[in-house]
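Enquirer: Quick one: sequence and predicted model below, then my questions.
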Amino acid sequence: SEATTSDLLDEAAKVVAEVLSVEYCKILELSPDGTELLLRAGAGWKEGYVGRVTVGANLESQAGYGLISGGPVVVEDLGREDRFNGPPLLLEHGVVSGISTIIYVNGHPYGVVGAHTKRKRQFNDEEISFLKDVAELLGAAMERRQTEETARSTIGERARAARRRLVFLAEANAVLSTSMNYTTTLKTAARLAVPAIANWCFADVVESGGLIRRVTVAEDHSRKGGLVRELHSRYSLDPSAPHGTPKALRTGESELIPLRPGEAVLESVAPDAEHPEFLRPLDAQSYICVPLQVKGRLLGALGLVTVESKRRYDQDDLILAEGLARCTALALDSASQQGKDVEVVRELIQNAEQDRQTAPTAEPREVSTLTPRQSEVLNLLSEGRSAKEIANALNVSHETARNHIRAILRALGAHSQLEAVSRARALGVLE
């Protein structure tokens, strides 16, 4: 962190001043544009100088000359120096002698460390070597800190990305679980994917006889929109294609092509030998295809493509796509089962209505598909209770109450709570 780096530099400045027996030590940091050096840390300087005063990164200072010459700079008498000008920082403090050397970080000059005294003095080779060792240690320590900070930043970003994925999947699952229609579920899944994780998304299903049908293609509002519609309307899928849905259905595994999928991939996604010109302008940058699989059954596949974008899919994106596919497959399985249940219940309702017409005085028939708990919920609905009020009354979660309400709607073939209550009364389930 910034505070830790400052502490390191301050401590190094104190050690240099003490070991070399000098009044002043400076650690200068080179500015991004390379025109000046900031007194980042030091020992002995007037109050308020550290962190504020700068010197020129050229022949206007000893440090600047050191950057130009590339080696340690030893000054015996600053007043008689003709290689560079004495900077105000040193002159204001009466500096006469000093040594300085460059601090390198990752092979590039970070700045300069210097030791200065008011007395005329000749620094020996051991003292010069000591200052160079300090500069090397500082450079190595700062390299480690930069590496650690980069790693922490990367880990933090991955953690934030993981949280975003979880939020996306939770929201997607909530939306998909409410769908009672097979086609609507697939269209919803594709719509959720675009533009959140793809520029366009296709959804394919396996029909009876093993035929593969493209149910929907969702697209963003890029200029390729018309082309993507062509992929939906013009192309049929070859079950033996080496990529795309056919491959996902054969292997049961996902396919990730992170960088510019070639024509072979696109032709598998939308093959039509007579119209290859429709494929070339897609300029696909990255591609994922994931199977829709539930209870060991392969229902179809979802395909995601980025177009004219800097985004490149990676393993994290693949995990996200597989999560969306699982949510979609579960919703499809539920929608399929709901469809069967609804047909059965509708037949029961039709039979019940016919019975009421032919035998109006007969005892009302029960709707056998309602559980005792669902009957309780139905009674509360007839009282005008909300889902939250029903949850509180039955001491269940809000989500459980909502699930019971959805089951009642399906059982009665109703589209609203009011219609469910009305049908239940017509069937004699409610008084």
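Expert: Good, I have the coordinates.

Enquirer: Could I get the full set of strands for the stretch 51-200 of the chain?
Expert: In the stretch 51-200 of the chain, strands defined by DSSP state E, counting those that start in this stretch lie at 54-56, 73-75, 97-105, 108-117, 200-206, listed in chain order.

Enquirer: Then the stretch 201-350 of the chain?
Expert: Along the stretch 201-350 of the chain, the stretches classed as strands by DSSP E, counting those that start in this stretch are 212-219, 255-257, 284-294, 297-307.

Enquirer: looking at those, which is closest to Ala57?
Expert: strand 284-294 (42.6 Å; C-beta to C-beta). C-beta: built from backbone N, CA, C; applies to glycine.

Enquirer: between the closest one and strand 297-307, how many degrees?
Expert: The directions of strand 284-294 and strand 297-307 differ by 160 degrees, with axes from the mean of the first three to the mean of the last three C-alpha atoms, to 10 degrees as the criterion.

Enquirer: Next SSE downstream of the host helix or strand of Cys25?
Expert: Using DSSP states H and E, Cys25 falls within strand 24-30. As assigned by DSSP H and E, the chain's next helix or strand after strand 24-30 is strand 36-43.

Enquirer: Remind me what that next one packs against, helices and strands.
Expert: helix 2-19, strand 24-30, strand 54-56, strand 108-117 (3 or more C-beta pairs under 8 Å, 6 or more residues apart in numbering; DSSP states H and E).

Enquirer: Would you single out the least confident of those?
Expert: Ranked by mean pLDDT, those bottom out at helix 2-19, with a mean of 85.

Enquirer: Check whether Val215 really touches Thr185, as I assumed.
Expert: No: using C-beta atoms under 8 Å, Val215 is not in contact with Thr185, being 9.4 Å away.

Enquirer: Looking at those two, which is more packed in?
Expert: Counted by other C-beta atoms under 10 Å, Val215 and Thr185 do not tie: Thr185 has more neighbours, with 27 against 18.

Enquirer: Spatially central, which residue of this protein would that be?
Expert: With the centre of the chain defined as its mean C-alpha position, the nearest residue by C-alpha atoms, centre = their mean is Ala161, 3.1 Å away.

Enquirer: Quick check: the gap between that residue and Asp316.
Expert: Ala161 sits at a distance of 6 Å from Asp316 (criterion: C-beta to C-beta, to the nearest Å).

Enquirer: Kindly list the longest helix within this structure.
Expert: In the chain, with assignment by DSSP state H, the single longest helix is helix 125-176.

Enquirer: and that helix, how far out from the chain's middle?
Expert: The gap between the average C-alpha position of helix 125-176 and the chain average comes to 17 Å, counting by C-alpha atoms, centre = their mean, to the nearest Å.

Enquirer: per-residue confidence averaged over it?
Expert: When pLDDT is averaged along helix 125-176, the result is 86.

Enquirer: Please name every helix or strand in contact with it.
Expert: The contact analysis (3+ C-beta pairs under 8 Å, 6+ apart) places helix 125-176 against helix 2-19, strand 97-105, strand 108-117, helix 182-193, helix 315-358.

Enquirer: Deepest in the core, which of these is it.
Expert: Each of the helices and strands packed on helix 125-176 was given a mean neighbour count from mean count of other C-beta atoms under 10 Å, and the largest, a mean of 23, is that of strand 108-117.

Enquirer: can you give me the offset of it from its chain's centre?
Expert: The chain centre lies 42 Å from the centre of strand 108-117; the measure is C-alpha atoms, centre = their mean.

Enquirer: Can you list the strands that it pairs with?
Expert: Sheet pairing for strand 108-117, assigned by DSSP bridges, gives strand 24-30 (antiparallel), strand 97-105 (antiparallel).

Enquirer: how big is the angle separating the last one from helix 125-176?
Expert: Direction vectors for strand 97-105 and helix 125-176, defined by the same axes, to 10 degrees, enclose an angle of 30 degrees.

Enquirer: mind exporting strand 97-105 as PDB, just the C-alpha atoms?
Expert: Output for strand 97-105, consisting of C-alpha atoms alone and laid out as PDB, is shown next (Å, rounded to 0.1, in the frame of the first residue of the first chain):
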ATOM      1  CA  SER A  97      29.600  17.200  -0.100                       C
ATOM      2  CA  GLY A  98      27.400  14.200  -1.000                       C
ATOM      3  CA  ILE A  99      26.900  11.000  -3.000                       C
ATOM      4  CA  SER A 100      23.800   9.800  -4.900                       C
ATOM      5  CA  THR A 101      22.800   6.800  -7.000                       C
ATOM      6  CA  ILE A 102      19.800   5.600  -9.100                       C
ATOM      7  CA  ILE A 103      17.000   3.400  -7.700                       C
ATOM      8  CA  TYR A 104      15.800   1.000 -10.400                       C
ATOM      9  CA  VAL A 105      12.400  -0.800 -10.300                       C
END
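
Enquirer: Report the inter-axis angle for that strand versus helix 2-19.
Expert: Using the same axes, to 10 degrees, strand 97-105 lies at 150 degrees relative to helix 2-19.

Enquirer: now the shortest one
Expert: Taking the same axes, to 10 degrees, one finds that strand 24-30 is oriented at 140 degrees with respect to helix 2-19.

Enquirer: Between strand 36-43 and strand 24-30, find me the angle.
Expert: Taking the same axes, to 10 degrees, one finds that strand 24-30 is oriented at 150 degrees with respect to strand 36-43.

Enquirer: Only alpha carbons, please: show strand 24-30 as CSV.
Expert: As requested, C-alpha coordinates have been extracted for strand 24-30 and formatted as CSV (Å, rounded to 0.1, in the frame of the first residue of the first chain):
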residue,chain,number,x,y,z
TYR,A,24,20.7,14.7,5.2
CYS,A,25,19.4,11.8,3.2
LYS,A,26,17.0,12.2,0.3
ILE,A,27,15.0,9.7,-1.7
LEU,A,28,13.7,11.3,-4.9
GLU,A,29,10.9,9.9,-7.1
LEU,A,30,11.0,10.6,-10.8
